[in-house]
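>>> Show me how the following folds:
(2 chains)
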2 protein chains.
Amino acid sequence: MGRGQPGPTGDKRDRTGLGTTGTDRAGDNQDRVGDNWDRAGAVGKENRSGEPGRGVAAAVPDCRFPRQRHRDRVPVPVPVLSRPAAMLLLRAVAGRRLPPLMQLPRRYSRLAAGSAAPGGHRGAAPVLAALLGLGAVLAYGERRRRTAQAAQATPAPQYPRYTRAEVAQHRTPNDRVWVTYGTEVFDVTDFVELHPGGPDKILLAAGGALEPFWALYAVHSQPHVLELLRDYKVGELSPEDAAKPTGDTEDPFAGDPPRHPALRVNSLKPFNAEPPPELLTQSFLTPNELFFTRNHLPVPSVEPGSYRLRVEGPGGRGLSLSLAELRQRFPKHEVTATLQCAGNRRSEMSRVRPVKGLAWDIGAISTARWGGARLRDVLLAAGLGDKTGEDGEWHVCFEGLDVDASGTPYGASIPLKRALSADAEVLLAYEMNGQELPRDHGFPVRVLVPGVVGARSVKWLRSVVVSPSESPSHWQQNDYKGFCPSVDWDSVDFSSAPAIQELPVQSAITEPRPGAAVPAGEITVKGYAWSGGGREVVRVDVSLDGGRSWRVAELGPRPARGRGWAWALWELRAPVAAGTRLDIVCKAVDSSYNVQPDSVAPIWNLRGVLSNAWHRVPVTVTR
Amino acid sequence: MGRGQPGPTGDKRDRTGLGTTGTDRAGDNQDRVGDNWDRAGAVGKENRSGEPGRGVAAAVPDCRFPRQRHRDRVPVPVPVLSRPAAMLLLRAVAGRRLPPLMQLPRRYSRLAAGSAAPGGHRGAAPVLAALLGLGAVLAYGERRRRTAQAAQATPAPQYPRYTRAEVAQHRTPNDRVWVTYGTEVFDVTDFVELHPGGPDKILLAAGGALEPFWALYAVHSQPHVLELLRDYKVGELSPEDAAKPTGDTEDPFAGDPPRHPALRVNSLKPFNAEPPPELLTQSFLTPNELFFTRNHLPVPSVEPGSYRLRVEGPGGRGLSLSLAELRQRFPKHEVTATLQCAGNRRSEMSRVRPVKGLAWDIGAISTARWGGARLRDVLLAAGLGDKTGEDGEWHVCFEGLDVDASGTPYGASIPLKRALSADAEVLLAYEMNGQELPRDHGFPVRVLVPGVVGARSVKWLRSVVVSPSESPSHWQQNDYKGFCPSVDWDSVDFSSAPAIQELPVQSAITEPRPGAAVPAGEITVKGYAWSGGGREVVRVDVSLDGGRSWRVAELGPRPARGRGWAWALWELRAPVAAGTRLDIVCKAVDSSYNVQPDSVAPIWNLRGVLSNAWHRVPVTVTR
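Alright, predicted model coming up:
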């Protein structure tokens, strides 16, 4: 199973202790080099310590495409389960109406809207924060607090005490599946196969806390769910595991925020993590806590009251804006857009030949509803709207507040033409899915460039400079570019290739997972598809026989006024016969009728970017 | 060799008598169904009569990449050649400096600029035409007239007389290679291997007239070239072959214009033809006579003095413009843009499984410098600039003056957003490479939509209508759309797919040709690459081993202020060993890093459109 050592205990686990060694990722980790691999003075070379193995347990229903029908037709061996528990389970399931795809984010937002306590960043001035509507917290943080209070009110325990490290050893039905909720410990092994969302979802939380998962899926916030859970109680957490760890002030990453335990970590310092495939396409909008995180440097701590954004251009023109001014002087514009890392699916490229870079699986892509000022409006207000490219192409260079050990900030640029285009909808975003930006995603302000590689959507934005040249930063000049497969580290000339801006058409299968055994009858294949430049996905073809024959997948709904910035979720149902081996393949077509290449090797490149060949998932059909 | 019957004689040949049965196209013709195959009342089902086989002889130098070096190193068997002729040849070759790629079109334009006689359309009012600068003719027509005059001045013949049909029987070195110039007949067999442009180029003219080819390549317009040719004179044309044929008034296609004999005809009625691959990438701008022609219906005869363009929109707003008003009221805007038919490279798709459509080889793509009024300016002048798509997507519908037997015109539409975008540079074009539009390309006015499938660039434009709906025409609704390979004529639902607008990234190899035998030493591979939507080509990879290893091709120059509308020509030189078999492959990358798919079958579709898989050319290396 490739499991690492047990993780650290207590809350510290949320911050730094999560690994990525699930079975289907075992092959991806051999080449885990941070993307800042060749920068002089770069901090945060990858730290592989504290890798505890796959996350924790979850009770996440599959909201769009309930598997109940399957289960009715194809009986599974039901483990021993008390009759009252089974009744409770059935009541819990019967009581909810399975929501359609598009409702999940709204329910999720409703959940989060109830919490207005300050948090998520340090040193906020409460009065100003209240005035500005700041202070939303991670929803699961709020729930965790409430639950802890509730747990403290329960009668004194007759249960044994366990440390979190002990709980973490119970991750499989063979070892028994344990989870925690508040300070209580539960053995839910007998419930795994009964979980309405499917056994794979609840197993995501095995060995850890339920709260982060329940917070994402509101179906759990009903009293009878908790009642059901109590039937499985086997113990209490040891008191010391409630204590918060003290910060490590010598570690430049010690100030990084807590993260959701479901994230699969590719690099701890800097923090780079992706949601597990099964959760990625659970909802059209990715919950903020699950949104893939791609940090190049430590997360800066920003005091929103003193934050200033510098906007400059030729001739000394410019602006300096406080956060309040950015919010008040410019109309708020909202865009639903998918961000994708250039290295998404790099691990498939590594299997052809080693590449340098983080071993992303298929999850370095996520979708949110972003709110902020249009960059166009800010540039026009700064008097910088007249460089329309008639005298050559101009650029807008961004710098972040995240800096390396030498004080050099992260930086990137986009063409000025895109920045000034009303159609391109480039934002200086301060909201993400209706909440203020989380610290990992650029609090208080980030750039959001729809349709363009994530690397240009600079987080923790400190400056916007209109310039006749592209950003001089390492990440614009000597990274995030594509090359011919024959180019190696001896022959590469980074100046010969353009910086990646718009990304090519992409798709991947999120369910089933590679190597899975699926029951005979009807298979459901799910995934995402997206293309850069606002070119919306018009079709996804799926093959079950490695590409010899194809079927058209059903595309999920997208926002009505879609501008093609967001992905399409898709699914295909098809009959499958027992005992067969399937080679499931998907490929998408965008509105320019661009398609994905058949195979990885011909697009291989030394940095492992732009990995958009057909996605292949081999599975076997049982019984 | 798959040759058809000998062609008709005299000038009629230029109009209707040309076939497409060169060796390398023999496999492509099995499915030659006109693109108007299923329209009720459509005229012009394909007429396969009068197909004489491959064109006529040419003396076309390879201007960019002279093969002289090869010839020096790799001696070829020199046929019997008189010493004076050889000396003349060497003088002719030494006297010219091989021009760079970009100069060819200019030389070509300079040639054409000398002729101001009216022609190319019927019934032009000479005074108005002179005022408007109309009346440019096909350059080779002018040259032909001058040459004929010169020929009449030569002394009385002691030569035998031959008909054009007799000349047409001499197309190969075995049959002797004959060509005509004026009324003279020449046997140039012994010159074929000495031709500075290569034997393959001169053989394009074998059996026919030299003038159309010499007109394209100004290097021939020097006195010593004609002097050299005279050494090979073997006869005179019979007098009756100078007579013009009378028009066939019952044939709706009888009014179609004369065409260049080098074009490879895929359908005579309607006329659809492409330049031979060897000529396609001879110059960055495709000479008008060689520009691929895709007609859906007979070519209308337009009297420019009475031409009116109707521009309409909601609320009764609109304009009616004469040709003079279109030219005078709106600034002339020029764009260098490539047009490609959706069916380019369809013949490769047919080899996977039959499709319906013209069997285009790789030549349904060409590039020109277009001049005309911006559609945006005309729409704004008509008061139609306010439908910016806020109330859903609006469209601009075009209709041509070309109609079928029922009176239904050709029609298509583009999104209004593109039409109104200054960046998109959509033109109502009246000039092509510095000349008025040729009749086959839309005289007097056509739409030119850069970056978009050729089908939307409606020719012989009669109306422009701003509408909340796409064009209702057959070609917008039930054609020019892409589908999954599993969709057949029983299951196809045309409403389920979007009309093709922007095209995906494309490339093809023009030299060498499939099945060629190339000499050992160094191979030169040439081709074109292009992508839709203004996404310029950033790289072309070439493989000699079927895709296992790749090299980066050298991209030719493009206009400095390129907006990505035009193709890139490219070449690769690589050493090759005697006796090997090469599987040459090319694939292009555009500025969004989209790539071409590896293989044809997974993108196969019932209409054979969007055929952009890797292009493969097998060759053998001799000696």
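>>> What count of nearby residues applies to residue A:393?
12 (other Cβ atoms under 10 Å in any protein chain shown). Placement of C-beta: from N, CA and C, glycine included.
>>> Quick check, it in contact with residue A:414.
No. In terms of Cβ atoms under 8 Å, residue A:393 does not count as a neighbour of residue A:414; the distance is 10.7 Å.
>>> How is the residue of chain A most remote from its centre assigned, secondary-structure-wise?
In chain A, the greatest distance from the average C-alpha position (Cα atoms, centre = their mean) is reached by residue A:315, at 40.9 Å. Secondary structure of residue A:315, reduced to three states by DSSP: H, G, I helix; E, B strand; the rest coil: helix.
>>> and chain A, which residues reach chain B?
Counting by Cβ under 8 Å from any Cβ of the partner chain, chain A comes close to chain B at A:417, A:423, A:482, A:484-487, A:497-498, A:500-505, A:532-533, A:535, A:538-539, A:541, A:547, A:549-552, A:587, A:589, A:591-599, A:602-603, A:610.
>>> and those, which are buried?
The neighbour-count criterion (16 or more other Cβ atoms under 10 Å in any protein chain shown) marks A:417, A:482, A:484-485, A:487, A:497, A:500-505, A:532-533, A:535, A:538-539, A:541, A:547, A:550-552, A:587, A:589, A:591-599, A:602-603, A:610 among the residues of chain A next to chain B as buried.
>>> mean confidence for stretch A:412-431?
Stretch A:412-431 shows a mean pLDDT of 96 in the predicted model.
>>> could you measure the closest residue in space to residue A:530 that isn't next to it in sequence against chain B, distance?
Of all residues not flanking residue A:530 in the chain, residue A:567 sits nearest, at 3.9 Å (Cβ to Cβ, 6 or more residues apart in numbering or on different chains). Distance, residue A:567 to chain B, using Cβ to the nearest Cβ, to the nearest Å: 16 Å.
>>> quick one, what contacts residue A:567?
Going by Cβ atoms under 8 Å, 6 or more residues apart in numbering or on different chains, residue A:567 touches A:338, A:365, A:367, A:528-530, A:537.
>>> Mind pulling the model confidence for it?
We have a pLDDT of 97 for residue A:567.
>>> I'd like to know which of the buried ones among the residues of chain A next to chain B are part of strands.
Among those, DSSP state E puts A:538-539, A:541, A:551-552, A:587, A:589 in strands.
>>> Export these to TSV and append columns for pLDDT.
Listed next are these as TSV, based on pLDDT from 0 to 100:
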residue	pLDDT
A:538	94
A:539	97
A:541	98
A:551	98
A:552	98
A:587	98
A:589	98
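>>> and these, which two are the farthest apart?
Using Cβ to Cβ, those reach their maximum pairwise distance at A:538 and A:551, which is 15.6 Å.
>>> pLDDT weak spots in chain A?
Low-confidence segments of chain A (pLDDT under 70): A:1-157, A:215-219, A:221, A:242-249, A:387-391, A:559-562.
>>> close enough to count as contact, residue A:396 and residue A:382?
No. Shown here, residue A:396 and residue A:382 do not form a contact pair, counting by Cβ under 8 Å, at 11.0 Å.
>>> neighbour-wise, which of these two wins?
Counted by other Cβ under 10 Å, residue A:396 and residue A:382 do not tie: residue A:396 has more neighbours, with 29 against 18.
>>> Run through who's touching whichever helix or strand the more buried one is part of.
Using DSSP states H and E, the element containing residue A:396 is strand A:395-403. Contact partners of strand A:395-403, identified using Cβ under 8 Å, 6+ apart, comprise A:295-300, A:302, A:375, A:379, A:409-416, A:419, A:442, A:447, A:456, A:458-473.
>>> Which ones among these map onto helices?
Using DSSP state H, the subset of the contacts of strand A:395-403 located in helices is A:375, A:379, A:416, A:419.
>>> Relative to residue A:541, how far out is residue A:548?
Taking Cβ to Cβ, to the nearest Å as the measure, residue A:548 falls 12 Å from residue A:541.
>>> pretty sure residue A:279 contacts residue A:263?
No. Using Cβ under 8 Å, residue A:279 makes no contact with residue A:263, being 9.5 Å away.
>>> and for the two, which residues touch both?
residue A:290.
>>> Pull the number of nearby residues for residue A:405.
Neighbour count of residue A:405, defined by other Cβ under 10 Å: 14.
>>> Lovely, talk soon.
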